[in-house]
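>>> generate coordinates for the sequence data below:
(3 chains)
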Amino acid sequence: MDDRERRIVDVLIALQPGEVTTYGDIADMAGYPKHSRLVGRILQATEIEVPWWRVVNAAGRLVPGHEGEQTKLLLEEDVIIRNGNVKSAPYGRFSGF
DNA sequence: CCCCTGACTAGAA
DNA sequence: TTTCTAGCCAGGG
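Numbers count the residues shown, from 1 in each chain, chains lettered A, B, ... in the order given. You can find the predicted model right below:
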């Protein structure tokens, strides 16, 4: 695990309940703008426990293949979801309250 | 090294 | 609003 991966994971595990953000924002916060794809790759491959359900793409689309579980987990954190998309969340990139 | 693929994105059609 | 086009990065064949 290199330095970039470590920093990105640090940002991920720091996400709080109800805080929904995007791949691009995670990359920015970790100090690696333009590396959104790397974030997605890490989320899919890492063995470390991270709140993956609090990450969606820039359009608010849920993770392909995990919509069901992700929707359930987000609803428990008071995140508003409509048609498989995050409409708004208490905090983070999709905060609309 | 080339080509394709994907939990990505911003901007132009 | 939806679709396409470049850019972007790491992996795998």
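>>> for chain A, what lies in contact range of DNA strand C?
Residues of chain A lying near DNA strand C by C-beta under 7 Å from any atom of the strand: A:4, A:34-38, A:41. For glycine as for every other residue, the C-beta is placed from the backbone atoms N, C-alpha and C.
>>> restrict these to those near DNA strand B?
Checked against DNA strand B using C-beta under 7 Å from any atom of the strand, these give the following subset in range: A:36-37, A:41.
>>> re the thing from before, quickly check the residues of chain A next to DNA strand C for the two that are furthest apart.
For the residues of chain A next to DNA strand C, the farthest-apart pair by C-beta to C-beta is A:Lys34 and A:Arg41; their separation is 13.8 Å.
>>> more neighbours: which of these two?
More neighbours surround A:Arg41 than the other of A:Lys34 and A:Arg41, with 14 against 9 (other C-beta atoms under 10 Å).
>>> where does A:Ile81 sit: helix, strand or coil?
strand (DSSP: H, G, I helix; E, B strand; the rest coil).
>>> quick one: secondary structure of the nearest residue to it once chain neighbours are set aside?
Nearest residue to A:Ile81 in three dimensions, chain neighbours excluded: A:Thr71, at 5.5 Å (C-beta to C-beta, 6 or more residues apart in numbering). Of the three states, A:Thr71 takes helix under three-state DSSP.
>>> hmm, A:Leu62 and A:Thr71 touching each other?
Yes - here A:Thr71 reaches A:Leu62: they are 6.7 Å apart, a contact under C-beta atoms under 8 Å.
>>> list residues touching both of those two?
Shared contacts of A:Thr71 and A:Leu62 (C-beta atoms under 8 Å, 6 or more residues apart in numbering): A:81, A:84.
>>> kind regards, and thank you for your time.
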